[in-house]
Structures are given as C-alpha cells and as structure tokens.
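Engineer: Can you look at this prediction? I've put the sequence above it.
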Amino acid sequence: MDTVDISGLRIGYQRAGQGPPLVLLHGAYEDSRSWRQQLEGLSDEFTVIAWDAPGCGRSDDPPADFSGKELGDVLAGFLREVAPRKPHVLGLSWGSGVALELYRGHPNMAASLLLVSAYAGWAGSLPPEEVERRYAQILAELDQPPEQFIPVWMPTLFTARADPAVVEEAGAIMADFHPAGMRAMLSASGHADYRDVLPGIKVPTLLLYGEKDVRSPLAVAHEMHRQIPGAQLTVIPDVGHMVAAETPAAFNAEVRRFLHSIGD
C-alpha cells in the first residue's frame with residue numbers, strides 16, 4: 001500500500017502492473033481492497049491504480065464540511081501524482097459520481113470514463129423520496145455497529161448465486177468503514193446531481209451494469225446511455241450491483257474489450 005499527500009490529506013492506494021493507466025474508484029463503505037480481482041486480473045497489460053477515497057481505507061478523513069468539488073479536486077491532484085500519463089478512470093456506484101465530479105471540474109484529466117453500476121448522482125437518477133431514504137439510512141447506520149447493518153446491504157449488492165466467499169470478503173471490507181469519513185462523504189455527495197455533466201462528456205465512455213442490479217437498475221443505465229453522447233452500454237447477465245466482484249472474469253473482459261476498442 002502506497003500513500004501520497006494531496007491537499008493536506010494522506011491518500012492510500014494500490015498499484016499493480018505496467019501499461020496504460022487505469023484508475024479504479026470504489027463505492028461507498030469500501031476501499032481499494034474491493035478491486036482485488038481487477039488488480040490481479042488486469043495488471044498484465046495495464047497499470048492498475050486503486051485509490052482509497054478520502055475517509056476510506058488507509059486515507060485520512062476529510063473535514064466535515066468537505067464538498068463534492070473538493071473531492072473532485074483531490075482526485076485530480078491524485079491523478080497528477082500517481083498516473084504516468086492521462087488515465088482511464090473507472091468508478092463503481094458512488095465512485096461513478098466521483099468520476100463525474102472529476103469530469104465536471106477537470107474535463108481534460110481522463111482519457112476515458114468507465115461508469116459501472118452508475119448514477120448521475122443519486123439526485124440525478126433516483127426519485128427524491130428514494131434519495132432521502134438512502135441518505136437517512138446511511139446517516140443512521142453510521143451510529144450502528146457494522147454487524148447490525150451490513151447483512152441488510154448484501155442482498156442489494158449481490159444476487160443469490162454470488163460466491164459466499166466473495167460476499168463475505170465484501171462484508172469484511174465494509175465493516176472497516178470510517179464513521180467520520182463516511183459522514184463527510186455522505187454530506188459531500190449524498191445529494192449530488194450530475195445530469196448537467198452528461199451531455200458534455202467528450203471522452204469515450206463505457207456504461208457497465210449488472211442485469212439484476214436493484215440499486216442502480218437498468219432504467220438508470222438506459223437514461224445515462226441516452227444522455228452521454230456516443231456512450232457504449234454493456235449489461236452483464238444475471239449479476240447484481242457489485243458486478244466487478246460477483247463476476248470478475250466477465251467484468252475484466254468487458255473493461256479490456258472497451259479499452260482495446262479505443263486504442264489502449
């Protein structure tokens with residue numbers, strides 16, 4: 001695990017492989033360990049870099065008033081420090097919003113965007129009552145022991161056919177969350193709306209979803225596809241929200257196919 005200082009925050013990250021840089025942005029309650037199968041499976045031809053977002057994993061907690069713009073700025077600073085050249089940026093779930101925040105503030109930083117189980121921010125993709133339900137749910141969970149709420153999350157992240165060992169690994173990573181860090185990230189991103197960003201995206205973009213995703217369902221995927229000019233939409237059958245963990249071989253193959261199709 002390496003670290004780099006960005007805007008006064010220590011940011012942890014993992015790096016593997018050689019080749020065009022592919023930066024991985026994890027979802028909420030997670031950290032770079034969630035990308036184990038990609039660090040192993042894609043590093044044969046890419047420099048795979050998985051960060052711990054501020055407030056997650058080995059990274060420092062940001063201040064309580066941290067904003068979405070500051071999050072995008074920290075990611076931009078991180079990319080300048082660790083990526084050997086303009087990287088491909090892949091964000092899963094909440095991480096897809098971080099990727100869009102980066103593009104909003106720094107549109108020339110990414111060679112391409114790979115948005116997985118993605119939203120245009122909760123407020124940009126979900127009904128207002130669902131946004132408030134999710135916001136309140138996480139806010140309440142931050143005062144609970146992880147063993148109380150993590151089992152509630154698992155059926156919304158994985159299908160029933162997922163490998164129990166993979167589900168257990170994901171639960172163990174989630175249990176290591178930072179309460180203060182998650183609170184700051186929720187405040188910064190919980191009401192984000194990136195619908196204004198989507199029509200202006202000019203880099204190659206892959207939208208990658210699991211067919212059985214109940215958190216970011218295919219209606220969200222199709223609306224994202226409609227809004228982003230020239231975006232490719234790929235749906236992996238019979239898999240849920242945590243598509244990279246539940247079916248890593250198919251996920252890695254689609255990422256590799258897309259990057260090859262645009263020249264890397």
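Structural biologist: Alright, I've got the coordinates. The shown structure was predicted, so the numbers you read here are calculated from the model rather than taken from an experiment.

Engineer: ok, now which ones touch E81?
Structural biologist: Contacts for E81 (Cβ atoms under 8 Å, 6 or more residues apart in numbering) come out as 4, 6. (Each C-beta comes from the backbone N, C-alpha and C, glycine too.)

Engineer: Helix or strand next in line after the strand or helix carrying it, which one?
Structural biologist: Using DSSP states H and E, E81 maps to helix 68-82. Downstream of helix 68-82, the first helix or strand assigned by DSSP H and E is strand 88-92.

Engineer: so what secondary structure elements neighbour that next one?
Structural biologist: Helices and strands touching strand 88-92, by 3 or more Cβ pairs under 8 Å, 6 or more residues apart in numbering; DSSP states H and E, are strand 21-25, helix 94-105, strand 112-116.

Engineer: could you dump the ones you listed to JSON lines with distance to D73, mean pLDDT and mean neighbour count?
Structural biologist: Formatted as JSON lines, the helices and strands packed on strand 88-92 follow (distance: least, Cβ to Cβ, whole Å; pLDDT from 0 to 100; neighbours: other Cβ atoms under 10 Å):
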{"stretch": "strand 21-25", "distance to D73": "15", "mean pLDDT": "98", "mean neighbour count": "26"}
{"stretch": "helix 94-105", "distance to D73": "6", "mean pLDDT": "97", "mean neighbour count": "26"}
{"stretch": "strand 112-116", "distance to D73": "18", "mean pLDDT": "98", "mean neighbour count": "27"}
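
Engineer: Can you lay out those as JSON lines showing distance to L218?
Structural biologist: Listed next are these as JSON lines, based on distance: least, Cβ to Cβ, whole Å:
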{"stretch": "strand 21-25", "distance to L218": "22"}
{"stretch": "helix 94-105", "distance to L218": "15"}
{"stretch": "strand 112-116", "distance to L218": "14"}
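
Engineer: Y194 is nearest to which of the ones you listed?
Structural biologist: Among these, the nearest to Y194 by Cβ to Cβ is helix 94-105 (4.2 Å).

Engineer: Go ahead and name everything in contact with the closest one.
Structural biologist: 24-28, 53, 68-69, 71-73, 75-76, 79, 89-91, 109-110, 113, 115-122, 185, 189, 192, 194, 197-198, 201, 203.

Engineer: Is it possible to mark the buried ones in those residues?
Structural biologist: Buried members of these, counted by 16 or more other Cβ atoms under 10 Å: 24-28, 53, 68, 71-73, 75-76, 79, 89-91, 109-110, 113, 115-122, 185, 189, 192, 194, 197-198, 201, 203.

Engineer: Give the buried residues for stretch 137-148.
Structural biologist: In terms of neighbour count (16+ other Cβ under 10 Å), stretch 137-148 has its buried residues at 138, 141, 146.

Engineer: First-to-last residue distance for it?
Structural biologist: 13 Å (Cα to Cα, to the nearest Å).

Engineer: ok now it, how far from the chain's centre?
Structural biologist: In terms of Cα atoms, centre = their mean, to the nearest Å, the centre of stretch 137-148 is set 21 Å apart from its chain centre.

Engineer: Good, we can wrap up now.
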